[in-house]
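In: here's my sequence, what's the structure:
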Amino acid sequence: MIIQKFGGTSVGNAQRIKHVAELVQSEPRKIVVLSAVAGTTNKLVEITQALYREDKSTVGELIEGLKTEYNVLINDLYSDKERIEHVAQMLEGHWNHIYAFTLDMFTPFEERAVLAQGELISTSLFQFYLEEIGADSIRIDALSFMRIDQQLEPDEWYIKDNLNRLLSENTANILITQGFICRNHFGEVDNLKRGGSDYTASIIGVAVEATEVQIWTDIDGMHNNDPRVVNVTKPIERLSFDEAAELAYFGAKILHPSSVQPARRANIPVVLKSTMASEKPGTIISNAPSGNFIKAVAAKDGITAIKIKSGRMLMAYGFLRKVFEVFERHKVSIDMITTSEVAVSLTIDSHENLDPLVKELRAFGVVEVETNQCIVCIVGHLIQEEPGHAALIFNCLASIPLRMISYGGSKNNVSLLIHENDKESALRALNFGLFNLD
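Out: Residues are numbered from 1 along each chain as shown. The predicted model follows:
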């Protein structure tokens, strides 16, 4: 069995839904995980914001906008008039369900129920289309097997037991379910947050002992550089899970860094493919060796650098622990860190609680804060153990000021802090110097 996950752009209109239907109609048996139709979740978020404001008119306008969009979609998707009428009635039930939340006080629990509507709708639309074309398929609701525990982690035993029961009860070749949504340990509608639908696909893959998890997007795998910044990039054929996690964390938008961890632990390969170019091989992520060379470059914007300088650090023990406790109290995570005898520099990617954080840090010494920074991450296998890699990287960036360097913390990456204004120049220089791509 394989797992195929399709993102919102892959089911963004009738033509794309029909193409996805072609892709899933093959052996072996599979579970198809769908995101909401592109743009729907954003509109649902707007609706929840209006519900919190008790702005009924805006809620009504937003629902009418969704209604119009989906009426166009179903008329393009289905050829049978009776089916169109049936689906329109189904959708009306969803719109009425959402509007009913205007009748009382809106809570975070109800917000999650509203956000779940996107995936519930997309999977229904897809199943109705597969029925129309005679495909051997059935929809199984994620809310009947996907659950998180009190620590907000997947309840692995519950998921495995209930999912495999559903598989034994339904013999269809294609089983369709929702990504992102789940129930919490109270039985309320909730969501997986981290990596959303990709995370769902990975969890399901482990539960059913799948041979492969496929994640289909609008990009043909991970690329060696950011195609939004540099003119020419190339897809990467193979990556290790460690390399993929580094790239995802430091800016590769195609994959959430936490989403494939269950598949990694179970040693299930994850394949990134494009619905826009389904003939291309994409990127295979696995625990298998992927070659000892530099694979890719990624960049993470919105970084703040904090430097604490203090003579009390010299020959002292416990100083860093006290500094890190400040970050813990303010719930701020750290990306990079470097130290010297009298200073510690580190980076964070959140501006929340920055002012009270800095105020408390000043008790330890002089604090300098630099915003609008960027972390550039160069990823490959055994970079620090292969001679020449460091020299090659730094030669590429000879004309760019480097504010921090993290080297040796991981066998898979070298991380550099630069100003955001230098990001484009850095990525282009690395693209040419490392990959000979202009």
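In: please give me every residue in contact with residue 401.
Out: 418-419, 422 (C-beta atoms under 8 Å, 6 or more residues apart in numbering). (Each C-beta comes from the backbone N, C-alpha and C, glycine too.)
In: check residue 242 too.
Out: 410-412.
In: just the ones in strands from the contacts of residue 401, please.
Out: With strands taken from DSSP state E, the overlap with the contacts of residue 401 comprises 418-419.
In: who wins on neighbours among the contacts of residue 401?
Out: Counting by other C-beta atoms under 10 Å, residue 418 has the largest number of neighbours within the contacts of residue 401, with 21 neighbours.
In: from residue 59, how far off is it?
Out: Distance of residue 418 to residue 59, given as C-beta to C-beta, to the nearest Å: 44 Å.
In: what do you get for residue 438?
Out: 50 Å.
In: make TSV out of the contacts of residue 401 and add pLDDT.
Out: Output for the contacts of residue 401, formatted as TSV (pLDDT from 0 to 100):
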residue	pLDDT
418	96
419	96
422	96
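In: quick revisit: looking at residue 438 and residue 59, which is more packed in?
Out: Remark: of residue 438 and residue 59, residue 59 carries more neighbours, 23 against 9, as counted by other C-beta under 10 Å.
In: for the more buried one, what are its contacts?
Out: Counted by C-beta under 8 Å, 6+ apart, residue 59 has contacts 47, 50-51, 98-99, 102.
In: again, only this time at 6 Å
Out: 47, 50, 102 (C-beta atoms under 6 Å, 6 or more residues apart in numbering).
In: which one of those is nearest residue 36?
Out: Nearest to residue 36 among the contacts of residue 59 is residue 47, at 12.9 Å by C-beta to C-beta.
In: my guess is that closest one contacts residue 61, does it?
Out: No: contact between residue 47 and residue 61 fails when scored by C-beta atoms under 6 Å: they sit 9.7 Å apart.
In: higher neighbour count, the two?
Out: residue 47 (27 against 13).
In: OK, contacts around the more buried one?
Out: 59, 62.
In: then residue 86?
Out: Taking C-beta under 6 Å, 6+ apart as the definition, residue 86 has no contacts.
In: helix or strand for it, which one?
Out: Take DSSP states H and E as the rule and residue 86 turns out to sit in helix 81-99.
In: what is the subsequent helix or strand relative to that helix?
Out: According to DSSP H and E, the helix or strand after helix 81-99 is helix 108-115.
In: what angle separates the helix or strand that that following helix is followed by from helix 81-99?
Out: Using DSSP H and E, the helix or strand that follows helix 108-115 in sequence is helix 117-132. On the basis of axes from the mean of the first three to the mean of the last three C-alpha atoms, to 10 degrees, helix 117-132 is oriented at 170 degrees to helix 81-99.
In: just checking, what packs against helix 117-132?
Out: helix 40-52, helix 81-99, strand 137-139, strand 174-178 (3 or more C-beta pairs under 6 Å, 6 or more residues apart in numbering; DSSP states H and E).
In: any idea of the angle it forms with strand 174-178?
Out: Using the same axes, to 10 degrees, helix 117-132 lies at 160 degrees relative to strand 174-178.
In: give me the contacts around helix 117-132.
Out: By C-beta under 6 Å, 6+ apart, helix 117-132 touches 11, 21, 34, 36-37, 40-41, 44, 77-78, 83, 87, 94, 137, 139, 176, 178, 180-181.
In: got the buried residues for it?
Out: Neighbour-count burial for helix 117-132, counted by 16 or more other C-beta atoms under 10 Å, picks out 117-130.
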